[in-house]
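> I'd like to go over a predicted model; first the sequence, then the structure.
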Amino acid sequence: MRHEPKDVGWIEVICGSMFSGKTEELIRRARRAQYARQKVQLFKPALDTRFESHSIASHDERSLECTPLRRLADVHRHLDPETRVVGLDEAQFFGKSLVRVCEGLADRGLRVIVAALDQDYRGRPFGAVPQLLCVAEYVTKSLAICVRCGNPANRSQRLSGSAATVQVGAGESYEPRCRACFRPSVIGQEEMSLEEG
């Protein structure tokens, strides 16, 4: 059990691979805050169109209403003055402003709950998420189950698509893999060798 601060904001990050329960945990925490009669607002990147456009949804089909944003900085325009808890899903897609905006919200006294991939499909740190992990008060690392061997999985294996870092998808495009079973795609390996050479 952890001690939650009083009269101050803070940042909680739930990170891990795809299919590790990040969104499910975000929804659980948001619902608990709602049960405690705290005003909660949830946001996600507008580019995440896998499920309903105005809800966040876990792979086990739990969902909550949210506001899609094209830019994270727009969160301030949508915030209700009564809001005590802000949740961000798929936060790795929000880009460089992620840390600045999350710290600004926490500095205003809000509880900020962030669910994000911490690694991209190549197994590399994803965008601004590593910096957010450094400034967050609480970090939860979620692990999936490797579909190949059943070990704990912390990587997202891309099964198809381009070499672009951002590619929204679900079970048709990705699967969880452990360190031993993870294989960067041929596209990813070519991209790595070009960067390193």
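Done, it's in. Here the structure is a predicted model, which means the values were calculated and not measured.

> any low-confidence regions in the protein?
Along the chain, segments meeting pLDDT under 70 span 1-4, 48-51, 59-61, 160-172, 185-197.

> Check it and tell me which residue is nearest its centre.
With distances taken as C-alpha atoms, centre = their mean, residue 116 lies nearest the centre of the chain, 1.6 Å away.

> How is that one assigned, secondary-structure-wise?
strand (DSSP: H, G, I helix; E, B strand; the rest coil).

> Spit out the contact partners of the nearest residue in space to it that is not next to it in sequence.
Leaving aside its sequence neighbours, residue 116 sits nearest to residue 91 (C-beta to C-beta, 6 or more residues apart in numbering; 4.0 Å). Any C-beta I mention is one placed from the backbone N, CA and C, and that applies to glycine too. By C-beta atoms under 8 Å, 6 or more residues apart in numbering, the residues touching residue 91 are 98, 114-116, 129, 132.

> Show me which pair in these is furthest apart.
98 and 115 (12.1 Å; C-beta to C-beta).

> Just want to know which of those two has more residues nearby.
Higher neighbour count among residue 98 and residue 115: residue 115, with 30 against 21, using other C-beta atoms under 10 Å.

> Next, work out how far apart that one and residue 15 are.
8 Å (C-beta to C-beta, to the nearest Å).

> quick one: common contacting residues for the two?
In the contact map built from C-beta under 8 Å, 6+ apart, the residues linked to both residue 115 and residue 15 are residue 22.

> Am I right that the residue nearest to the centre of the chain is in contact with residue 22?
Yes. With contact defined as C-beta atoms under 8 Å, residue 116 reaches residue 22; the gap is 7.1 Å.

> Mind listing the shared neighbours of those two?
By C-beta under 8 Å, 6+ apart, the residues touching both residue 116 and residue 22 are 14-15.

> Can you give me the buried ones in stretch 78-91?
79, 83-91 (16 or more other C-beta atoms under 10 Å).

> Identify the farthest-apart pair in those.
Checking the buried residues of stretch 78-91 with C-beta to C-beta, the most distant pair is 84 and 90, at 22.0 Å.

> Mind giving me the packing neighbours of the longest helix seen in the chain?
Criterion DSSP state H: the longest helix present in the chain is helix 22-35. With contacts defined as 3 or more C-beta pairs under 8 Å, 6 or more residues apart in numbering; DSSP states H and E, helix 22-35 has these neighbours: strand 10-16, strand 39-45, strand 55-57, strand 63-65, strand 83-88, strand 111-117, strand 138-142.

> Can I get that helix in CSV, CA atoms only?
Extracted C-alpha coordinates of helix 22-35, given in CSV (Å, rounded to 0.1, in the frame of the first residue of the first chain):
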residue,chain,number,x,y,z
LYS,A,22,-2.0,-0.5,-18.9
THR,A,23,-5.4,0.9,-20.0
GLU,A,24,-7.2,-1.6,-17.8
GLU,A,25,-5.3,-0.2,-14.8
LEU,A,26,-5.9,3.4,-15.8
ILE,A,27,-9.6,2.7,-16.0
ARG,A,28,-9.5,0.9,-12.6
ARG,A,29,-7.8,3.9,-10.9
ALA,A,30,-10.1,6.4,-12.6
ARG,A,31,-13.2,4.5,-11.5
ARG,A,32,-11.9,4.3,-7.9
ALA,A,33,-11.4,8.1,-7.9
GLN,A,34,-15.0,8.5,-9.3
TYR,A,35,-16.3,6.2,-6.4
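
> Okay then, goodbye and thanks.
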